[in-house]
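# I'll drop the sequence and a predicted model, then ask my questions.
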Amino acid sequence: MKQYGIIRCPHCKAAKIIDFSYKTITCHRCGKKIQTERIKLLHKTTSFNEAQQVIGIINAEQADRKADFVKDHQ
């Protein structure tokens, strides 16, 4: 079963879903390489859908719009 994690890029702080089957990933925003074994996890799950929901909440919190996001996804 696949494991997914939610991280923040240590360079640009973008929230990202990672797949633990990869040792290194590239940030979609800044293009920097990230070693998945050394990064702090914000959330871990086996469900990609759950990972997407968590990313949505994190991004909404960053934009100070969490209440709007939660209301739209109930």
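Cool, the structure landed. Residues are numbered from 1 along each chain as shown.
# could you use CA atoms for every contact and neighbour count after this?
Noted.
# what segments of this structure are strands?
Taking DSSP state E, the strands of the chain run over residues 4-8, 15-19, 24-26, 33-35, 43-45.
# what are the boundaries of the helices in this structure?
All helices of the chain, identified by DSSP state H, fall at 48-62, 66-72.
# ranking those by mean pLDDT, which is last?
Here the lowest mean pLDDT among the helices of the chain goes to helix 66-72, at a mean of 58.
# mind putting the strands of the chain in TSV, distance to Glu61 included?
Listed next are the strands of the chain as TSV, based on distance: least, Cα to Cα, whole Å:
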stretch	distance to Glu61
strand 4-8	13
strand 15-19	11
strand 24-26	23
strand 33-35	23
strand 43-45	15
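# how far is stretch 19-35 from where the chain is centred?
How far stretch 19-35 lies from its chain's middle: 11 Å, per Cα atoms, centre = their mean, to the nearest Å.
# should've said stretch 17-33
10 Å.
# buried stuff in that stretch?
Of the residues in stretch 17-33, 17-19, 27 count as buried by neighbour count, 16 or more other Cα atoms under 10 Å.
# quick check: the two most widely separated of those?
Based on Cα to Cα, the longest span within the buried residues of stretch 17-33 runs between Asp19 and Cys27 and measures 12.7 Å.
# need phi/psi at Lys2.
The phi/psi pair for Lys2 (degrees, to the nearest 10) reads phi -70, psi 150.
# coming back round to it: which one of the strands of the chain lies closest to Ala60?
Ranked by Cα to Cα, the member of those that lies closest to Ala60 is strand 15-19, at 11.0 Å.
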